[in-house]
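Peer 1: Quick one: sequence plus predicted model below, questions after.
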Amino acid sequence: MGGGGGGGGGGARWYPSPPRTSDAGARVDRAVSQAAAASTYDADANAYLQAQLSAYNDRDAAATQRHIETLKRAVEKEIDGETETLFGGSVRRHTYVDGLSDADVLMVVNNSSLADASPQQLLAHFEQRISDRLAGLGVEVKAGALAVTVKYADGTEIQVLPALRTATGIRIANAEGSGWSPVVRPQEFARKLTTVNQSLGGKVVPTIKLFKGLQTQLPSNDQLKGYHIESLAIEAFRNYEGRTTPKDMLRHLVRFASDRVRGPIVDTTGQSRHVDDYLGGAGSLERLRVSSALARLSNRLEAAERRGSLDGLKSEFGE
């Protein structure tokens, strides 16, 4: 009788309890805390990288300019005509960092008694005049296949590449040093870098300097040459739409380079076939090794970002 009782049989239904206010509040607090930590890391990391740039820019680039002027005067001595310098390297493109970059310069002989000289004769002339000018100053002067390398006691190293200005344009020695190259365009590359740099408010050149500083902590055979780094930066930032902070642009360049370095980049100046022939052909063991080293570096930078670890970032610069 009356057995149904209990309000409709079937037993009580269970409904999930709404989250406790304290749990929801904790999640909000954690999110706010994480956002604050990320913001703090952004500010601290960018301030640190700006300080690195200030230190790079404070180094004595003027001394390098003085060295180059001395070399120019030495080469001009006892020739009929003029000599001009065209900075095909980091000095010309404002990416030079003392101790992190080689200063390379095209020294062009124009309408001189050496106009009909062979590359070997012009190279020998440069080596002799520079050696005579710097004798007794503790400077090492050595001619290679294509250039004269001058090493100063203060650690500055300058490579002087002899060139001739002809009726059709500037020529340097070919890759073997046995004859003259086709006409080269040393200013072309600088124009491309300038265009990309200006499109991002002048932030690309500082990023290149930071990359050069960053890679000094890698084994020497995993480090890229300055001209190669600058070529990678032109490609990396040509259509870049990310944030233009030092931290974000540096991470982007390292990440981009770790993949792009696997294949060669054409040299638009005509000075060589590729800007990175020193790493061999596409997919070479050298390229794969450097790619792996840069990928690991990129991963460490990403990890420092995730942890909000300024010490992690500093350690990549050797601190």
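Peer 2: Alright, I've got the coordinates.
Peer 1: quick one: low-confidence parts of this structure?
Peer 2: The model of the chain has pLDDT under 70 over residues 1-38, 57-62, 78-104, 111-112, 186, 269-273.
Peer 1: quick one: the strands in it?
Peer 2: For the chain, the strands defined by DSSP state E cover 82-86, 103-110, 140-143, 148-151, 157-165, 170-172.
Peer 1: and the fourth one, what other elements does it pack with?
Peer 2: Strand 148-151 makes packing contacts with helix 119-134, strand 140-143, strand 157-165 when contacts are defined by 3 or more Cβ pairs under 8 Å, 6 or more residues apart in numbering; DSSP states H and E. (C-beta placed from N, C-alpha, C; glycine too.)
Peer 1: List the neighbours of stretch 128-137 that are in contact with it.
Peer 2: Contacts to stretch 128-137, defined as Cβ atoms under 8 Å, 6 or more residues apart in numbering, come from residues Thr70, Leu71, Arg73, Ala74, Val75, Lys77, Glu78, Val141, Val148, Val150, Ala153, Val160.
Peer 1: need the residues you listed in JSON lines with neighbour count, can you?
Peer 2: JSON lines is the format used below for the contacts of stretch 128-137 (neighbours: other Cβ atoms under 10 Å):
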{"residue": "Thr70", "neighbour count": "17"}
{"residue": "Leu71", "neighbour count": "24"}
{"residue": "Arg73", "neighbour count": "12"}
{"residue": "Ala74", "neighbour count": "21"}
{"residue": "Val75", "neighbour count": "27"}
{"residue": "Lys77", "neighbour count": "11"}
{"residue": "Glu78", "neighbour count": "9"}
{"residue": "Val141", "neighbour count": "21"}
{"residue": "Val148", "neighbour count": "25"}
{"residue": "Val150", "neighbour count": "25"}
{"residue": "Ala153", "neighbour count": "9"}
{"residue": "Val160", "neighbour count": "26"}
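Peer 1: out of those, who's nearest Glu188?
Peer 2: Nearest to Glu188 among the contacts of stretch 128-137, counting by Cβ to Cβ, is Val160 at 20.5 Å.
Peer 1: before we move on, the earlier item: could you point out which of the strands of the chain sits nearest Lys225?
Peer 2: Closest approach to Lys225 among the strands of the chain (Cβ to Cβ): strand 103-110, 9.7 Å.
Peer 1: quick one: the closest one to strand 157-165, angle?
Peer 2: Strand 103-110 runs at 30 degrees relative to strand 157-165, counting by axes from the mean of the first three to the mean of the last three Cα atoms, to 10 degrees.
Peer 1: Report all helices and strands that strand 103-110 contacts.
Peer 2: Checking 3+ Cβ pairs under 8 Å, 6+ apart, strand 103-110 ends up next to helix 61-76, strand 82-86, strand 157-165, strand 170-172.
Peer 1: Quick check: the two most widely separated of the contacts of stretch 128-137?
Peer 2: Glu78 and Ala153 (26.5 Å).
Peer 1: Now do Ala190 against Lys72, distance only.
Peer 2: Note on Ala190: its distance to Lys72, by Cβ to Cβ, to the nearest Å, is 19 Å.
Peer 1: between these two, which one's more packed in?
Peer 2: More crowded of Ala190 and Lys72, by other Cβ atoms under 10 Å: Ala190, with 19 against 15.
Peer 1: Roughly how far does the more buried one sit from Glu230?
Peer 2: Distance check for Ala190 against Glu230: by Cβ to Cβ, it reads 9 Å.
Peer 1: ok, now how distant is Gln50 from Ala303?
Peer 2: With Cβ to Cβ as the criterion, Gln50 and Ala303 are 22 Å apart.
Peer 1: So between these two, which is more surrounded?
Peer 2: Shown here are Gln50 and Ala303; by other Cβ under 10 Å, Gln50 has more neighbours (15 against 12).
Peer 1: so the more buried one touches Leu250, yeah?
Peer 2: No - with contact defined as Cβ atoms under 8 Å, Gln50 does not reach Leu250; the gap is 11.5 Å.
Peer 1: which residues touch the nearest residue to Ala282 once chain neighbours are set aside?
Peer 2: Counting by Cβ to Cβ, 6 or more residues apart in numbering, Gly263 is the residue found nearest to Ala282 once chain neighbours are left out, at 4.5 Å. Listed by Cβ under 8 Å, 6+ apart, the contact partners of Gly263 are Ala282, Gly283, Arg287.
Peer 1: mind listing what the residue nearest to the second one when sequence neighbours are not counted touches?
Peer 2: Sequence neighbours aside, Arg262 is the residue nearest to Gly283 in space, at 6.2 Å (criterion: Cβ to Cβ, 6+ apart). Contacts here follow Cβ under 8 Å, 6+ apart; on that basis Arg262 touches Ala282, Gly283, Arg287, Leu288, Ser291.
Peer 1: Thanks a lot, catch you later.
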